[in-house]
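Colleague: coords below, sequence missing:
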């Protein structure tokens with residue numbers, strides 16, 4: 001069976017595949033809605049997905065038992081959701097003001113912020129060899145640098161506005177800081193023994209509540225177009241689909257953070273830009289009219305990103321680094337009166353839950369309601385008149401399913417999704 005490090009690497013790479021694909025459904029939407037409205041609709045889809053997937057895999061009884069055992073982490077999970085919602089909204093403004101080519105690399109520096117917080121708060125890389133430190137730091141820098149090259153490969157098609165450039169850059173930097181800081185609650189939850197599937201069910205209340213508050217406060221209140229416009233309904237399916245795809249990727253990212261830590265897990269999941277570019281270029285033809293220079297940036301950027309990911313992948317933690325991580329576990333046990341042995345077992349993927357994995361009748365009701373929501377929205381959906389390459393849609397969809405199926409199988413066989 002794969003090691004804990006290998007499990008984390010598999011999850012991080014699978015997260016990149018799905019997080020990159022999450023932007024594809026939003027390309028089908030040209031609604032004229034505000035950034036707040038689009039973000040709220042996507043978060044509503046995220047809310048549905050975040051309850052569907054844990055219910056399908058574990059059942060709500062086990063989720064509720066896990067949360068009852070870790071009550072002190074519930075406010076932290078809600079806070080993480082709030083940070084995500086604000087950061088996601090900032091990215092929409094950043095794309096509007098400076099274009100995706102500049103904004104994406106700026107907010108992907110969240111991996112560097114995560115490395116800093118992981119070292120300061122959780123002892124990550126403490127006691128690591130110089131070789132491993134170099135692999136993680138230089139690998140993360142390579143991924144960020146590759147993101148810059150991949151971003152600028154599409155700059156010929158970006159519509160940035162010079163008069164709003166400063167605001168857009170600040171928005172992207174703000175998103176980077178918030179997303180990098182958001183991983184503190186992630187890591188704190190997992191060294192305390194909380195399952196990622198339990199964490200995400202609470203996380204989503206912070207997301208949805210914050211986005212609803214932003215729409216009510218800054219987007220017209222109860223008179224906002226998202227609540228009244230008849231043109232919104234045909235678009236909801238695509239926004240919900242984008243939220244659902246994002247949740248699958250985020251769950252894999254959560255497991256990568258648990259088993260690799262912030263410093264290693266987040267750079268691997270940030271390979272999502274390469275996959276996002278693949279959807280944009282192969283399915284939507286975004287590079288159809290690019291010149292040789294821009295195509296060369298795509299090739300070089302992809303190679304650099306792969307090399308950066310390989311560097312992080314091979315930075316296996318040494319015994320001295322594991323010792324510093326166990327010290328962090330001991331501090332959590334002392335602070336919250338937790339069982340040290342259980343936390344150690346949980347940190348290496350052993351299922352330490354005390355609740356049987358049994359389904360309740362309401363689990364099936366939740367799954368039926370979720371399916372019903374997507375069927376209803378699908379009936380109302382309007383297929384946009386946007387040129388797409390169906391062959392590449394099929395190929396990339398097969399890769400999505402293969403990545404999710406393979407990663408889920410590894411998690412089930414080794415950890416029972418603990």
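Modeller: Everything's here; your move. Values in this document were obtained by computation on a predicted structure and should not be read as measured data. Numbers count the residues shown, from 1 in each chain.

Colleague: Report the contact partners of the residue most central in space within the chain.
Modeller: Nearest to the mean C-alpha position of the chain, by CA atoms, centre = their mean, lies residue 250 at 3.4 Å. Remark: with contacts taken as CB atoms under 8 Å, 6 or more residues apart in numbering, residue 250 is in contact with 15, 19, 200. Using the backbone N, CA and C atoms, a C-beta is placed for each residue, glycine as well.

Colleague: can you tell me which residues contact the closest residue to residue 89 other than its chain neighbours?
Modeller: Excluding the flanking residues, the one nearest residue 89 by CB to CB, 6 or more residues apart in numbering is residue 39, at 5.0 Å. Residues in contact with residue 39, defined by CB under 8 Å, 6+ apart, are 85, 88-89, 92, 211, 214.

Colleague: that older thread, may I see the contacts of residue 250 arranged in CSV, with secondary structure, neighbour count and pLDDT as well?
Modeller: CSV is the format used below for the contacts of residue 250 (DSSP: H, G, I helix; E, B strand; the rest coil; neighbours: other CB atoms under 10 Å; pLDDT from 0 to 100):
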residue, secondary structure, neighbour count, pLDDT
15, helix, 29, 94
19, helix, 23, 90
200, helix, 24, 86
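
Colleague: could I get the residues you listed as TSV with distance to residue 54?
Modeller: Shown next, in TSV, are the contacts of residue 250 (distance: CB to CB, whole Å):
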residue	distance to residue 54
15	17
19	18
200	7
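
Colleague: Buried ones in the host helix or strand of the residue nearest to the centre of the chain, by neighbour count?
Modeller: Assessed by DSSP states H and E, residue 250 sits inside helix 233-260. Of all the residues in helix 233-260, those buried under the rule 16 or more other CB atoms under 10 Å are 234-260.

Colleague: circling back to that earlier point, now the phi/psi pair for the residue nearest to residue 89, please.
Modeller: Torsion angles at residue 39 (phi, psi; degrees, to the nearest 10) stand at phi -60, psi -40.

Colleague: pLDDT at it, what is it?
Modeller: In the predicted model, residue 39 carries a pLDDT score of 78.

Colleague: roughly how far apart are it and residue 53?
Modeller: Residue 39 is 21 Å from residue 53, where distance means CB to CB, to the nearest Å.

Colleague: what does residue 119 give?
Modeller: 31 Å.

Colleague: which regions of the chain lie under the pLDDT threshold?
Modeller: Applying pLDDT under 70 to the chain flags the ranges 1-2, 26-33, 99-102, 104, 151-164, 228-231, 351-358.

Colleague: let's go with 50 and repeat that
Modeller: Under the criterion pLDDT under 50, the flagged ranges of the chain are 1, 157-160.

Colleague: Break down it into its strands, ranges please.
Modeller: Using DSSP state E, the chain contains no strands.

Colleague: Roughly how far does the closest residue to residue 168 other than its chain neighbours sit from residue 86?
Modeller: The shortest distance from residue 168 to any non-neighbouring residue, by CB to CB, 6+ apart, is to residue 97 (2.7 Å). According to CB to CB, residue 97 stands 17 Å off from residue 86.
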